[in-house]
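Asker: have a look; sequence and predicted model below, questions after that.
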Amino acid sequence: MHEIMSELEPAIGEFRKGNFVLLHDSSTRENEFDLIVASELVSEEHVRVMRRDAGGLLCLTVDRTVGERLGLGFLQDIFASSATRFPVLRDLVEEKEPYGDRPAFSITINHRRTFTGVTDQDRALTIREMGKVSKMVLENHPNYRLEFTRQFKSPGHVHLLLESDGSLSRRRGHTELSLQLCRLAGLTPSAAICEMLDGKTHRALGMIGASAYARDHGLCIIDGEQLVRHYLASSECHPTLSYPSVS
C-alpha cells in the first residue's frame, strides 16, 4: 500500500491544491479519461476548461452517506417509482450500461442564486456550494437537509452522481474513483468530473491524446486501478468508513 501511495502522491498533491488531474477508469470498463477537480475548489475557470477542453458531461460526484442523508436517489429508482403515472419510463430504464455497471445518475440541481444555471459562473457556484453542503452533512451540522433545499433547486444544469453501495469494492467508475481521491487528499468527498472527448475521432480521448494533453498542461494522470488497489488494501485494515451518526 505504501508503494501505491508513493506513486499517487504527486497527483494527490496537485489535486489538493485545486489543480486538475486526469483520471482513467479501466481499459475493461468505459476506458475514458476524465478531467476532475475537488468541488470545494472549483472556479469559473475550471468549468470553462472542462467544457472547452474536455467536452463531455460535467457532473458532480456525491458521497454515499451524503446522498442517503439528503434523501437523494438514483434516477433509475426515481423513474421506476414514477412509472405508474408515466408508463413510458418503465420501458426506457436499462438496468446496466454496456460496460456492465448501473448508472450513477441522480437528480440535476442549480443553486438558487444562479440565473440560467448553465454559465461557467453559475455552474461553478452550484458545484462549490454543493461541496460545502456535503461537508455539513458529513459533519452532521444541524438542519443540513433544510440547508440543502434552501440553497438548491431541481431540475438544474449540474448532474449529481451517487456513489454506489460498497464504493470501489462494488463499482469502479469515475464516481467512486474521484471520491476516493478526494478522501486521500483530505478534502470533502465531492468532485466535478467531465469526460475528455476527441474532436478528431469523435470518440473518447485515448491514451496518446490524454498523455499529450497532460504534458502540454502540466497535469498528472492517475490510473484508476491504483486507487482501487489502495482502497481494497486499506479496507482490509479498516473495513468500515464511519461518519458522525445522525442525531
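Answerer: Great, that's in hand.

Asker: what about the longest strand in the chain?
Answerer: Across the chain, the longest stretch assigned as strand under DSSP state E is strand 152-162.

Asker: hmm, who's touching whichever helix or strand comes after that one?
Answerer: In the C-terminal direction, the helix or strand that comes right after strand 152-162 (DSSP states H and E) is helix 174-184. Outside helix 174-184, the residues that touch it by C-beta atoms under 8 Å, 6 or more residues apart in numbering are 5, 8, 11-12, 15, 21, 23, 25, 30, 32, 34, 36, 38, 61, 63, 104, 161-164, 167-168, 188-191, 193, 222, 224, 227-228, 230-231. Heads up, the C-betas are built off the backbone N, CA and C, glycines and all.

Asker: swap in 6 Å and give it another go.
Answerer: Counting by C-beta atoms under 6 Å, 6 or more residues apart in numbering, helix 174-184 makes contact with 12, 23, 25, 34, 36, 38, 61, 63, 104, 161, 163, 167-168, 189, 191, 193, 224, 227, 231, all of which sit outside it.

Asker: okay, residue 242: pLDDT?
Answerer: Model confidence at residue 242, given as pLDDT, is 49.

Asker: still on that earlier bit, and the contacts of helix 174-184, which of them are in helices?
Answerer: Residues of the contacts of helix 174-184 located in helices (DSSP state H): 12, 224, 227, 231.

Asker: and these, which is closest to residue 151?
Answerer: residue 12 (29.2 Å; C-beta to C-beta).

Asker: residues near residue 96, how many?
Answerer: Neighbouring residues of residue 96 were enumerated by other C-beta atoms under 10 Å; the total is 10.

Asker: SS state for it?
Answerer: Using DSSP: H, G, I helix; E, B strand; the rest coil as the criterion, the local structure at residue 96 reads coil.

Asker: please begin residue numbering at 432 from this point
Answerer: That works, and once the first residue is 432, the last one we named lands at residue 527.

Asker: gap between it and residue 602?
Answerer: Residue 527 is 11 Å from residue 602, where distance means C-beta to C-beta, to the nearest Å.

Asker: against residue 498, how distant is the spatially most central residue of the chain?
Answerer: For the chain, the residue sitting closest to the mean C-alpha position, by C-alpha atoms, centre = their mean, is residue 492 at 2.7 Å. When C-beta to C-beta is the yardstick, residue 492 and residue 498 sit 10 Å from each other.

Asker: thought residue 627 was touching residue 464?
Answerer: Yes. Distance between residue 627 and residue 464: 4.7 Å, which falls inside the contact criterion (C-beta atoms under 6 Å).

Asker: hey, what's in contact with both of these two?
Answerer: Contact with both residue 627 and residue 464 is made by residues residue 636, according to C-beta under 6 Å, 6+ apart.
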